[in-house]
Every structure is written in C-alpha cells, then in structure tokens.
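S.K.: Can you look at this prediction? I've put the sequence above it.
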There are 2 protein chains.
Amino acid sequence: MSTSLNSPYHHGNLRQALLEAALIILQRDGEAGLGLRDIARAVGVSPAAPYRHFDSRAALLEALAVTGFQRFTAAMEDVAASPVPDKMMLMGKTYVLFALENANLFRLMFSAELKREGRPGLRMAADAAFDTLRHVSGGDVQAGRIAALAAWARVHGLAVLLLDGQIAIRAGEDTEALIAEVIGHL
Amino acid sequence: MSTSLNSPYHHGNLRQALLEAALIILQRDGEAGLGLRDIARAVGVSPAAPYRHFDSRAALLEALAVTGFQRFTAAMEDVAASPVPDKMMLMGKTYVLFALENANLFRLMFSAELKREGRPGLRMAADAAFDTLRHVSGGDVQAGRIAALAAWARVHGLAVLLLDGQIAIRAGEDTEALIAEVIGHL
C-alpha cells in the first residue's frame, strides 16, 4: 500500500501525526485498544514506521501521558492567569472537567502501571503539573505540601468517582453544578 | 484427579471456600490473574465445580466485590461504635488503610467495568457501605448529600493516589502519619 496516495499523512512531523491518531484511538477505545500497528494504519504509514519514533508500546503510552500532562498544565496556567477571585474553585472544576472530557487520557496519566516504570519524561511532566497546581493553590513548597496533597486528593477523588460512575447523578441534575457544590463544600 | 484425597477442600461450604481462594489469588495477582479454573485448582475441585455457584467470571467478581463492601462496612461500623471523639479522622484513616491493605480488592470494589454491569447485589452492598459512611459522618440523608460526597471524594482521592504510587512518600516518612496529616488538614 502506498503511503503517499491514500493516506492522510504525507510529510512533515510524523511523530506528531502518530500521537494525534493515538489520542483519538485512546479516547474512543481505551488503552487496551491501542497498538502501534493500528496507529500506523490510522496515519497511513507502514506498520514499521511508528518504531522510528516510539521503540515500544510503553514509549508511546508515555508520550501520550506526557501530552496529557502538558494539556493539563496549560489548563491550570489559564486558571492562574484568570481574573476570577476564587481560583481554588476554578482549579477544582477545571481538574474534574478535564478528567471527564479526557477520560481515557486521564486514566492513562495516572496509571499505576506506567508510574511503576519510572520513566523520567513522564515524571518531569507530572511534576510540572503538580508545581502548577501548588502555585495556583498559593502554597509555598515546604509548608504547602500537606495543603497541596489535601487539595489534590479532594479533586482527584471527585474526578475518579465521577469517571467510574460511582456517584449517582440524579435525573435532571447538572453534573457541572454538582461538581461546584462538592468543591465549594470542601 | 480426585477431589477428596489431595485437596484442601473436602465438604461443607464450597461457595465460601471458592471465595476465600479467589480473594487470595486476587490480592496476589490482581483481577487479570483471576479465572474460575485457577480457583477450582486452588480449592482442589473439578474445573466445572465453581459453575455450581458462579455462572460466570463476572458473577465471581461481583461476589468478591460484595465481600469487599461487607468487610469495608464492618470496618466503618467499628468506627461508629468506637469511643474516639474525632470519628471523621478515624473514618478517613480506616478508609485509606483499608484501600492500602486490600489494594486489588479495593480496585475491584470501585471498578468502572463492574459498576457498568449494574448488578443488584453489588449495588446493594455499595449502598449499605455508603449509608454507613453517611451515618458515621453524621449527615442526614437529604441535607447531607453534598457533605457526604465531599468527605467521600477526599478520602477516596487520597486512597487512589497512594495506591497508584502518585504521592511520593519521602525516605523515613511514615505513611500512616502522612494520611493523618492530610485528612486532618481537610
């Protein structure tokens, strides 16, 4: 099969094209449905082509999680730059809505399996996200550790319980309003 | 292979024996390592024997999750009966330590896949656990919903972040003390 005639990918940044295709497949099918061959097919390159950029499926998953943390950090920087007075409320809502809108990416970002591999790129991206959270919540590095962990646990728990369908949303209830109420209560 | 000569299981409550073997395998190998054949082998009965009690792997997983919620509810009832003044702190610590000590069982109890199947037995066991949480936290059913969700999100988030290795425990740091500090801050 020709890669130049029928494919959506022609030239330029193959790595970026592979990542974008992988993000779409991840969001649609979940991590289990994600293989380097499927991504090659989606981009319209040979099955071997992805290996020029990702030496394994684990390397691809790491790159996706890093992309997730970069988007997450950008969303939190928007909160930091926002003129709203209650930044903690906006940060919490942004965190939970990011999780709900990027469900499988969020699960991958916080995957225990990926974390256990201890990949430096992922650790750096996660640390940068956590630093931004801490900056927005206004804590200094030393004294603020417990406060930051407490704030993180709150919003992460709400995100996970909603993602996993554990919190029953009542008929006619607005999820975003419920999120605001729960965060406001904290 | 004879089931009566070489097996640890001879007579009595086969369902209970299967569940106990399954809990051990679940805790050791995780949900992915759990099959009805392996459990039959562990108990020393024929591969078909588990089907007398569980018509599918999903039915076995549900029974395990129900067992988990029953143990969890019992732990929360101990908190309710305890004479300590700060029940919310004890409840939070009990929740997080239950998760850490029963990692794979806790993951199964809150599994999105199992939840999606909507099995009535699991829903009842989870509702009973949640009612106990609400009772301990002192909220009445109507006014207390947001407060209960907020308290739940806090401790669930801390449990999940610790389980998934996302919170860095510092060298020499005591996990239980860190849990108490984070819950105390909330």
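M.R.: Received the coordinates, thanks.

S.K.: dump the residue contacts of the closest residue to chain B within chain A.
M.R.: The nearest approach of chain A to chain B comes at A:Gly157, 2.6 Å away (CB to the nearest CB). No exception for glycine: its C-beta is placed from N, CA and C like everyone else's. By CB atoms under 8 Å, 6 or more residues apart in numbering or on different chains, the contact list for A:Gly157 reads B:152-160.

S.K.: Write the ChimeraX selection for whichever of these are buried.
M.R.: Buried members of the contacts of A:Gly157, identified by 16 or more other CB atoms under 10 Å in any protein chain shown, are gathered into one ChimeraX selection as follows:
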select /B:152,153,154,155,156,157,158,159,160
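
S.K.: Tell me the spacing between A:Asp78 and A:Ala148.
M.R.: Distance from A:Asp78 to A:Ala148, counting by CB to CB, to the nearest Å: 19 Å.

S.K.: So the two - more neighbours on which side?
M.R.: A:Ala148 (23 against 11; other CB atoms under 10 Å in any protein chain shown).

S.K.: element containing the more buried one?
M.R.: helix A:145-163 (DSSP states H and E).

S.K.: Could I have the CA atoms of that helix written out in CSV?
M.R.: Coordinates of each C-alpha in helix A:145-163 appear next as CSV, following Å, rounded to 0.1, in the frame of the first residue of the first chain:
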residue,chain,number,x,y,z
ARG,A,145,3.0,20.1,50.9
ILE,A,146,0.1,18.8,53.1
ALA,A,147,-2.3,21.5,51.9
ALA,A,148,-1.4,20.7,48.3
LEU,A,149,-1.8,17.0,48.9
ALA,A,150,-5.2,17.6,50.6
ALA,A,151,-6.5,19.8,47.7
TRP,A,152,-5.2,17.3,45.2
ALA,A,153,-6.9,14.3,47.0
ARG,A,154,-10.2,16.2,47.0
VAL,A,155,-10.4,17.0,43.3
HIS,A,156,-8.8,13.7,42.2
GLY,A,157,-11.3,11.7,44.3
LEU,A,158,-14.2,13.6,42.9
ALA,A,159,-12.9,13.1,39.3
VAL,A,160,-12.3,9.4,39.8
LEU,A,161,-15.6,8.7,41.4
LEU,A,162,-17.5,10.5,38.6
LEU,A,163,-15.4,8.8,35.9
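
S.K.: quick one: it to chain centroid distance?
M.R.: 15 Å (CA atoms, centre = their mean, to the nearest Å).

S.K.: Average the pLDDT values over that helix and round to the nearest integer.
M.R.: Mean pLDDT, helix A:145-163: 91.

S.K.: Near chain B, which residues of chain A? Just list them.
M.R.: Proximity of chain A to chain B (CB under 8 Å from any CB of the partner chain) is limited to residues A:110-112, A:115-116, A:126, A:146-147, A:149-150, A:152-161, A:163-167, A:178, A:181-182, A:185-186.

S.K.: How about A:Phe69, nearest residue that isn't a chain neighbour?
M.R.: Leaving aside its chain neighbours, A:Phe69 sits nearest to A:Ala125 (3.8 Å; criterion: CB to CB, 6 or more residues apart in numbering or on different chains).

S.K.: tell me the contacts of that neighbour?
M.R.: A:Ala125 neighbours (CB under 8 Å, 6+ apart): A:65-66, A:69-70, A:73.

S.K.: Show me the shaky parts of chain A.
M.R.: Residue ranges of chain A with pLDDT under 70: A:1-11, A:138-143, A:186.

S.K.: Could you chop it up by domain?
M.R.: A:1-55, A:56-185 (automatic domain parsing).

S.K.: highest average neighbour count across these?
M.R.: domain A:56-185 (a mean of 17; mean count of other CB atoms under 10 Å in any protein chain shown).

S.K.: Endpoints of that one, how far apart?
M.R.: 44 Å (CA to CA, to the nearest Å).

S.K.: now stretch A:43-55
M.R.: 17 Å.

S.K.: How about stretch A:75-91?
M.R.: Span of stretch A:75-91 from end to end, CA to CA: 9 Å.

S.K.: Chain A: helices as residue ranges?
M.R.: Remark: helices assigned in chain A by DSSP state H are A:14-29, A:36-43, A:57-81, A:87-101, A:103-109, A:112-117, A:120-137, A:145-163, A:175-185.
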